[in-house]
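>>> just coords:
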């Protein structure tokens, strides 16, 4: 289960937002990959529908607190990433969470069908690992050490695939 709060005592660079505590296990891979790369993050539960004022307040204040990227995971009428993107110019990565009714297709469409001018980068349904990696790639644009770590991660993945086919 994902731990709510902040991973490190340093100022977090990435915020992971959950639309509900039921999204915690799905979003855990994002927190884990950030931890693996020694990038601090904070995890919060905020709902576009049940706590709209708090969600907007959080998103508006994120940049001023040092957050560089926001990952927002939600299911069903998954408007969390969109409402966050509407009130900040920070990069927002949406993770559509698989729903019981439509297997996450509803969540996916809620994120990818954003109006022109308010982008949300959206990964696959339940794709929190890729959301974490995309956040790292964004941060690596201004951090050469992180860029080198990402190159090594990709090389390790390549070697694993090649080894498995040998």
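Looks like it arrived, so ask away. Here the structure is a predicted model, which means the values were calculated and not measured.

>>> how about residue 157, secondary structure?
Look at residue 157: counting by DSSP: H, G, I helix; E, B strand; the rest coil, its state is helix.

>>> The one 4 residues further on too?
When the structure is split into helix, strand and coil by three-state DSSP, residue 161 lands in helix.

>>> Compute the number of surrounding residues for it.
Around residue 161 there are 9 other residues, counting by other CB atoms under 10 Å. Any C-beta I mention is one placed from the backbone N, CA and C, and that applies to glycine too.

>>> any idea of the pLDDT on it?
pLDDT recorded at residue 161 is 94.

>>> just residue 2 next, same as before
Predicted confidence (pLDDT) for residue 2: 51.

>>> What of the one 10 residues further on?
With respect to pLDDT, residue 12 scores 97.

>>> Residue 7 now?
Reading off the per-residue confidence, residue 7 sits at a pLDDT of 57.

>>> Same check on residue 101?
Reported pLDDT at residue 101 in the predicted model: 85.

>>> Likewise for residue 165?
pLDDT, the model's per-residue confidence, is 86 for residue 165.

>>> Go through stretch 24-32 and flag the buried ones.
Neighbour-count burial for stretch 24-32, with 16 or more other CB atoms under 10 Å as criterion, is recorded at 24, 26, 27, 28, 29, 30, 31.

>>> can you give me the helices in this structure?
Counting by DSSP state H, the segments of the chain that form helices are 24-36, 52-62, 80-87, 105-112, 128-140, 144-165.

>>> can you state the direction angle for the first one and helix 128-140?
Following axes from the mean of the first three to the mean of the last three CA atoms, to 10 degrees, one obtains 30 degrees for the angle between helix 24-36 and helix 128-140.

>>> So what angle separates the directions of helix 24-36 and helix 144-165?
With the same axes, to 10 degrees as the criterion, the two stretches helix 24-36 and helix 144-165 enclose an angle of 110 degrees.

>>> End to end on stretch 96-112, go ahead and measure it.
By CA to CA, to the nearest Å, the extent of stretch 96-112 from end to end equals 9 Å.

>>> Indicate which one of the helices of the chain is closest to residue 119.
Among those, the nearest to residue 119 by CB to CB is helix 80-87 (6.6 Å).

>>> to the chain's geometric centre, what's the distance from the closest one?
Centroid displacement of helix 80-87 relative to its chain, using CA atoms, centre = their mean, to the nearest Å, is 13 Å.

>>> That one - contacts with which helices or strands?
The criterion is 3 or more CB pairs under 8 Å, 6 or more residues apart in numbering; DSSP states H and E, and the helices and strands that helix 80-87 contacts are helix 52-62, strand 69-75, strand 92-97, helix 105-112.
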